[in-house]
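# Sequence first, then the predicted structure:
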Amino acid sequence: MAGRRGALIVLEGMDRAGKTTQGRKLVAALLEAGHTAELLRFPERSTEIGKLLGSYLEKKNNMEDHTVHLLFSANRWEQVPLIKEKLSRGVTLVVDRYAFSGVAFTSAKELSSVEAAKRGDFGNERYENNVFQEKALQRFYQLMKDDSLNWKTIDASKNIEDLHKEIYSLSEETIQMAQETPVGELWK
Ligand code: Z5A
Ligand code: MG
């Protein structure tokens with residue numbers, strides 16, 4: 001199968017939708033089935049930029065909104081050479097949040113900043129309140145109107161095993177499809 005590229009499978013959704021749970025299970029199942037697969041996550045909190053984002057999300061520091069947006073973006077760009085290299089070597093990448101979260105959360109912030117500012121500390125991290133999450137969800141629906149990206153909607157209220165089966169089956173299809181499609185650029 002030399003020369004066949006890996007697929008980029010992105011899991012997006014609201015806080016606690018089960019992305020990390022499903023991402024881990026998916027990679028384990030793909031490996032078991034003989035695929036080469038790895039899990040990535042964004043924000044990737046281990047890099048210098050990621051550490052800044054981690055403390056911002058934990059409300060240990062404050063930053064100007066545009067600056068934070070660009071740091072989230074930079075946190076992805078710093079991984080892009082590695083992502084391209086892995087895809088071209090045939091590694092399927094399962095990605096726990098990507099640029100769609102970047103757009104959805106920044107634009108939700110613009111909409112809800114007044115309302116959010118009135119609110120107390122709902123969750124442990126910044127953005128973890130119902131109003132904000134709802135705004136971000138609406139932004140995800142808008143982004144999903146772009147059919148060039150092969151979005152699949154999954155009902156996250158199902159049980160973990162049923163969801164896993166559904167995501168696994170969609171991923172197998174996606175891996176097959178990716179082999180016939182060259183790696184493209186997002187939003188170009
Ligand atoms: N953010 C941003 O603003 N800009 C960007 O560019 C990017 C991100 C990339 C941190 O993200 C924040 O960064 C996030 C967006 C912003 N803020 N918010 N919201 P994160 O990915 O590090 O954290 P998160 O996604 O918000 O939360 P999470 O806790 O990682 O959620 P999850 O991964 O979707 O869920 P989980 O950990 O798999 O599951 C949560 C719990 O539910 C756990 O106890 C599971 O056992 C349980 N669970 C999972 N699935 C099920 C089902 N099906 N049934 C019942 N229980 C379940
Ligand atoms: Mg998670």
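Sure thing, it's come through. Ligands and ions are numbered 1, 2, ... in the order given.

# Which residue ranges of the protein form strands?
8-11, 37-41, 92-96 (DSSP state E).

# close to ligand 1, is the first one?
No. Legend: contact between strand 8-11 and ligand 1 by C-beta under 6 Å from any ligand atom is lacking; minimum distance shown is 7.8 Å. All C-beta atoms are positioned from the backbone trio N, CA, C, and that covers glycine.

# Leaving out the residues flanking it, which one is nearest to residue 125?
With C-beta to C-beta, 6 or more residues apart in numbering as the criterion, residue 125 has its nearest non-adjacent residue at 4.7 Å, and that residue is residue 57.

# circling back: compare the strands of the chain and give me the one nearest residue 167.
When these are compared by C-beta to C-beta, strand 8-11 sits nearest residue 167, at 7.9 Å.

# Now do the buried residues in the closest one.
Within strand 8-11, the residues that count as buried by 16 or more other C-beta atoms under 10 Å are 8, 9, 10, 11.

# these two touch, right, the third one and residue 92?
No. The criterion here is C-beta atoms under 8 Å, and residue 10 misses it with residue 92 at 11.7 Å.

# hmm, back to that, now the strands of the chain in JSON lines, with distance to residue 109 and mean pLDDT?
Below are the strands of the chain laid out as JSON lines (distance: least, C-beta to C-beta, whole Å; pLDDT from 0 to 100):
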{"stretch": "strand 8-11", "distance to residue 109": "21", "mean pLDDT": "98"}
{"stretch": "strand 37-41", "distance to residue 109": "21", "mean pLDDT": "98"}
{"stretch": "strand 92-96", "distance to residue 109": "21", "mean pLDDT": "98"}
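
# Show the contacting residues for residue 79.
Residues near residue 79 by C-beta atoms under 8 Å, 6 or more residues apart in numbering: 40, 42, 44.

# which one of the buried residues of strand 8-11 sits closest to residue 174?
Each of the buried residues of strand 8-11 was checked against residue 174 using C-beta to C-beta; the closest is residue 9, at 5.9 Å.

# quick one, what contacts the closest one?
For residue 9, the contact set (C-beta under 8 Å, 6+ apart) comprises 26, 92, 93, 94, 95, 171, 174.

# that older thread, could the strands of the chain be laid out in CSV, adding distance to residue 147?
Shown next, in CSV, are the strands of the chain (distance: least, C-beta to C-beta, whole Å):
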stretch, distance to residue 147
strand 8-11, 15
strand 37-41, 24
strand 92-96, 20
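
# Which among those strands is found nearest to residue 153?
With distances scored as C-beta to C-beta, the stretch of these nearest to residue 153 is strand 8-11 (12.0 Å).

# The closest one: partners in the sheet, and parallel or antiparallel?
strand 92-96 (parallel) (DSSP bridges).

# Where does the prediction get shaky in the chain?
The model of the chain has pLDDT under 70 over residues 1-2, 111-123.

# how close does the closest residue to residue 86 other than its chain neighbours sit to ligand 1?
Once flanking residues are discounted, residue 86 sits nearest to residue 93: 6.0 Å by C-beta to C-beta, 6+ apart. Distance of residue 93 to ligand 1, given as C-beta to the nearest ligand atom, to the nearest Å: 15 Å.
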